[in-house]
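Visitor: Using only what follows, build the 3D model:
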Amino acid sequence: MNLSFPLFRTRRRPSWMTWLAGMAVVATGSALLAACGGGGPLGNPPDITNPPGATGEKLSFAYYQKCIQPILEAALAAPDGSNHTNTCASGGCHDNTTGTGGALRVVGGAPAQDLSQSADVLRTTDMYRNFYSAQGVTLPGNADDSRLFDKPLLKNVLHGGGLIFASESDPNAQKIRYWISNPAPQGQDEFSTASYSMFTPADPATGTCNTTP
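Guide: Numbers count the residues shown, from 1 in each chain. From the prediction side, this is the model:
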């Protein structure tokens, strides 16, 4: 009896099947990454690091609450004019529990806080958790090296949500730049009333959000 033939035969997948499988993976990945709104992220430059702060300066909690938090929860129009309903804080993006969007984590619907409360009380709130997370992806005093500013603009950085702001002149991008560029005075904390000058008039309850020095 001739036993030289192989007991098992390995079947090779035709090349066209391999190509189709690869395209399916790319399409699925692209859909997931673009789910947060904006343009497709594939082909973006490599990610950049967010340098650690060296000065210990704090960003303004009051300005974050009134001017930055609403941006993270808004259904922003895509730069190409298309409509979408996802927000930065939505599930799959930067939601605190289900988000997959890196270090930034946002508790959706966080109640606005009375700034007259003590710092100890404010630091236990969901609004403060959001503030703390957002500040963690910034370099206080330097917006151009901060991921919170660079990612939605695709400034030499990969962003899973794609392009969110068409340019740095977008009003929301201007608010983020202004917030990062104006930390509280050296030695003062994030609740410093000196940061109230970031509003016109200088009152976070009634003032509008400044965007220029």
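Visitor: alpha carbons only for contacts and neighbour counts from here, please
Guide: Noted.
Visitor: Would you map the helices across this protein?
Guide: Residue ranges of the helices in the chain, as given by DSSP state H, are 15-33, 61-63, 69-73, 119-122, 126-135, 147-150, 171-181.
Visitor: start to end distance for stretch 192-209?
Guide: In stretch 192-209, first residue to last residue: 16 Å (C-alpha to C-alpha, to the nearest Å).
Visitor: pLDDT of that stretch, averaged?
Guide: Mean pLDDT, taken over the full extent of stretch 192-209, equals 98.
Visitor: swap in stretch 59-69?
Guide: 98.
Visitor: Dump that stretch to PDB, restricted to CA.
Guide: Coordinates of the C-alpha atoms in stretch 59-69 are reproduced here as PDB (Å, rounded to 0.1, in the frame of the first residue of the first chain):
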ATOM      1  CA  LEU A  59      -6.800  76.400  33.700                       C
ATOM      2  CA  SER A  60     -10.000  78.200  34.600                       C
ATOM      3  CA  PHE A  61     -12.800  76.000  35.800                       C
ATOM      4  CA  ALA A  62     -15.300  78.800  35.400                       C
ATOM      5  CA  TYR A  63     -14.400  79.300  31.700                       C
ATOM      6  CA  TYR A  64     -14.500  75.500  31.100                       C
ATOM      7  CA  GLN A  65     -17.900  75.100  32.600                       C
ATOM      8  CA  LYS A  66     -19.500  77.900  30.600                       C
ATOM      9  CA  CYS A  67     -17.600  77.900  27.400                       C
ATOM     10  CA  ILE A  68     -15.900  74.500  26.800                       C
ATOM     11  CA  GLN A  69     -18.300  71.900  28.200                       C
END
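Visitor: what comes into contact with it?
Guide: 112, 115, 127-128, 130-131, 135, 140, 175-176, 179-180, 182-184, 190-192, 195-196, 198-199, 204, 209 (C-alpha atoms under 8 Å, 6 or more residues apart in numbering).
Visitor: residue contacts, the residue lying closest to Gly109 once chain neighbours are set aside?
Guide: What sits nearest to Gly109 in space, not counting adjacent residues and going by C-alpha to C-alpha, 6 or more residues apart in numbering, is Glu73, at 7.9 Å. Contact criterion C-alpha under 8 Å, 6+ apart gives Thr87, Cys88, Ala89, Ser90, Gly108, Gly109 as the residues in contact with Glu73.
Visitor: please redo it, this time with the cut-off set to 10 Å
Guide: If you count contacts by C-alpha atoms under 10 Å, 6 or more residues apart in numbering, Glu73 has them with Asn86, Thr87, Cys88, Ala89, Ser90, Val106, Val107, Gly108, Gly109, Ala110.
Visitor: top of those by neighbour count?
Guide: When neighbours are counted by other C-alpha atoms under 10 Å, Val106 leads the contacts of Glu73 with 28 neighbours.
Visitor: where's it relative to Thr87, distance?
Guide: Per C-alpha to C-alpha, Val106 is found 11 Å from Thr87.
Visitor: can you list residues touching both of the two?
Guide: With contacts taken as C-alpha under 10 Å, 6+ apart, the residues that reach both Val106 and Thr87 are Leu72, Glu73, Cys93, His94, Asp95.
Visitor: any idea what sits nearest the first one, other than its immediate chain neighbours?
Guide: This points to Leu72. The shortest distance from Leu72 to any residue other than its chain neighbours is 5.0 Å, reached at Cys88 (C-alpha to C-alpha, 6+ apart).
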